[in-house]
Every structure is written in structure tokens, then in C-alpha cells.
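Visitor: Sequence below, structure please.
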Amino acid sequence: MPAPNQLRDIRKFTDLVRYLETELEWPVEAGSFDDLTFEYQPAELGLKDEDAVKIKKIHQLRPLASGQPWGIFFVEFEKKKLPVVVLRRILSHLVVKKRQSANKADQAVWNPEDLLFISAYGDETSDEREIAFAHFHQQPGDLPTLQVLGWDGSDTVLTLNHVAGELREKLHWPANPKDHTAWRTQWSRAFRHRIGHTIRTADSLAEVLAALARGIRDRCTVLMRAESDHGPLTKLFKAFKAALIHDLTEESFADTYAQTITYGLLTAAINRTDMSGGTEARRER
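Guide: This next block holds a predicted model:
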């Protein structure tokens, strides 16, 4: 898995293109960013002035495979937050419509779920710089819902490792680009959460906690293999084995360690929320 700094150090689209080529094996030919992309002006996408001022640049990545179903766009915004409304308006001018006007007959269009927006926003010289892969999902009769996979320079190592894993597994260039159905399915799986996603069900919480625990377990296993007999995790493993579980293996220890950390932090977060939000209620009781 790529080191967290590989994501943390991506500040410009040129940095990102190198990452797509070297880590996700996108067949991006060597060349300048301008050679790899088409540039759009906001007016070409029908954006009004109040939306256009929020955008620095819009580029479309040239197709990388014959018959490529995905339209891939790089959009750099002025503000520190991803303007969902502006992205939705860009989407509306790029999708297939039942009645396409004559003056747009030559403009390339896609199905709504075949568009991938790679957005950058925030100060590129600071940790506030954020990169987000964004994808619209639409249920019949509903407005398109924006789902994202992104990171910024201030994210924790655990978060960056998780994002890197998702990128490598789901946004890796497909083995068979001619299988459009499999390609759509593979890439779409990377996008599961909306901006400001809030966990609202026990099933969602369990899923997120399990993913975090797996990440901690895998990192623990890697670190133990690299440690000497006097490394901190190895010493903790030996202490657990001597005092608690005599037939404990390194794999079982890594799993136990990960679950302890994950659910311990969850308990601490719940207790902190209860203490800060429920003080008055307890006083009344």
C-alpha cells in the first residue's frame, strides 16, 4: 500500500496524474497536463457568472481506452469547500438528455453515472488542500446525489491508509477496459458516502468500525514483522500471551489489539459526547 505521504503530498492535478499512473496503473502517456486534457470554459458548460467565479479551471482527461464509457473531469475550485450545487450544474450540461438542442449536438455527453469528477479546493500550499473523487448516483425520480472519496493534508495516517486502499482496490485501471459493465461496477463501488455523511444506523456503524479495525490489524501485523524482539508491539504481544492467553498467535493478537483500540475509542467518544451533551439532563434527574 502506498505510504500516506503519497496522498498527503498531492497538491496539484499534475501530482495526481503521476499517482494515477504509478499507483493505479492508469495508462496515462507521459506528457504535460495540457497535452493530456481538454480545457473547458465555464460558459461552454452553460454556467452563469455567479457559478463561474467559483471555478479556477475545468479540464477533461482525454479518453485512455477505445470506447471508454467514463467521462473524467478535473475541476479546481476557488473556495475551501466542495460546491455541490456547482458540480450538479456542470453535470446537467454533460449528461444525455431526451431532447438535445441543436447547438449542443457536437458536445460530448455521458450517462449521469458515467461521469467522474476529480476536484481540488483549498490552499494548495497548506494542509487545508483537499482532493476529492466525486461521483453522482441517481435513483429514478430523485435528484443526483453526490458521493465522494477524498482526503486532505491534515488527515490521520489511518484515514490516508484507508483512502489509499479504496483507490487501489476500486479505482485501479480495469484489467479488461472493454468490459464496460464490470468497469462501471468496479469504479462505482468506490463511492458510498455523501458529503457530510453521518452514520445513522447500527449496521452502518458496524461496517465502518469493522473497516477501521481491519486497517489497524493489518498495520499492526506489518509493524510486528518489521520489529525486533524488543519492539513495543512485540513486547505487548508477549505480555498478553504470558498473562492472558497462552496460545495466542501474532495474528490473533493483531486482531485483538485492533478491536480493543477501535471499540475503546468508540466508547471514549460516546462517553465524551454524553458528558458534554447530557450534563444538564443528569442534573435534572
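Visitor: what about the longest helix in the protein?
Guide: Across the chain, the helix with the greatest residue count (assigned by DSSP state H) is helix 250-277.
Visitor: helices or strands next to that helix in the packing?
Guide: Helix 250-277 is packed against helix 202-226, helix 232-243, with contacts defined by 3 or more Cβ pairs under 8 Å, 6 or more residues apart in numbering; DSSP states H and E. Yep, even glycine has a C-beta here, placed from its N, CA and C like the rest.
Visitor: now with 10 Å?
Guide: Of the remaining helices and strands, those touching helix 250-277 by 3 or more Cβ pairs under 10 Å, 6 or more residues apart in numbering; DSSP states H and E are helix 202-226, helix 232-243, helix 279-284.
Visitor: Tell me which of those helices sits nearest to residue 159.
Guide: Ranking the helices and strands packed on helix 250-277 by distance to residue 159, with Cβ to Cβ as the measure, places helix 202-226 first at 9.2 Å.
Visitor: Give me the residues contacting that closest one.
Guide: Under the contact criterion Cβ atoms under 10 Å, 6 or more residues apart in numbering, helix 202-226 has outside partners 1, 157-159, 161-162, 165-166, 192-193, 197-199, 201, 231-234, 236-237, 250-251, 253-263, 265-266.
Visitor: what's the angle between that helix and helix 250-277?
Guide: Note on geometry: by axes from the mean of the first three to the mean of the last three Cα atoms, to 10 degrees, helix 202-226 and helix 250-277 are set 130 degrees apart in direction.
Visitor: May I see the buried residues of stretch 173-185?
Guide: By 16 or more other Cβ atoms under 10 Å, the buried positions in stretch 173-185 come out as 173-174, 177, 180, 183-184.
Visitor: now swap in stretch 146-158 and tell me
Guide: Neighbour counts over stretch 146-158 (16+ other Cβ under 10 Å) mark 146-153, 155 as buried.
Visitor: Then stretch 229-240?
Guide: Taking 16+ other Cβ under 10 Å as the basis for neighbour counts, the residues of stretch 229-240 that come out buried are 233-234, 237, 240.
Visitor: Check stretch 65-81 too.
Guide: Buried residues in stretch 65-81, counting neighbours by 16+ other Cβ under 10 Å, are found at 68-77.
Visitor: CSV please, covering those and showing secondary structure and pLDDT.
Guide: Converted to CSV, the buried residues of stretch 65-81 look like this (DSSP: H, G, I helix; E, B strand; the rest coil; pLDDT from 0 to 100):
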residue, secondary structure, pLDDT
68, coil, 94
69, coil, 94
70, coil, 95
71, strand, 94
72, strand, 96
73, strand, 95
74, strand, 94
75, strand, 93
76, strand, 92
77, strand, 90
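Visitor: how about JSON lines for those, with distance to residue 137 added?
Guide: Supplementary listing: those in JSON lines, determined by distance: Cβ to Cβ, whole Å:
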{"residue": "68", "distance to residue 137": "20"}
{"residue": "69", "distance to residue 137": "16"}
{"residue": "70", "distance to residue 137": "14"}
{"residue": "71", "distance to residue 137": "15"}
{"residue": "72", "distance to residue 137": "17"}
{"residue": "73", "distance to residue 137": "17"}
{"residue": "74", "distance to residue 137": "20"}
{"residue": "75", "distance to residue 137": "18"}
{"residue": "76", "distance to residue 137": "23"}
{"residue": "77", "distance to residue 137": "21"}
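Visitor: Next, find the distance separating residue 53 from residue 76.
Guide: As defined by Cβ to Cβ, to the nearest Å, residue 53 lies at a distance of 13 Å from residue 76.
Visitor: so how many other residues sit close to residue 14?
Guide: If you count neighbours by other Cβ atoms under 10 Å, residue 14 ends up with 12.
Visitor: That one is in what secondary structure piece?
Guide: The secondary structure element spanning residue 14 is helix 13-22 (assigned by DSSP states H and E).
Visitor: counting contacts, what elements does that helix pack onto?
Guide: Taking 3+ Cβ pairs under 10 Å, 6+ apart as the contact definition, the neighbouring helices and strands of helix 13-22 are helix 4-8, helix 33-36, strand 55-61, strand 71-77, strand 115-121, strand 130-137, helix 157-170.
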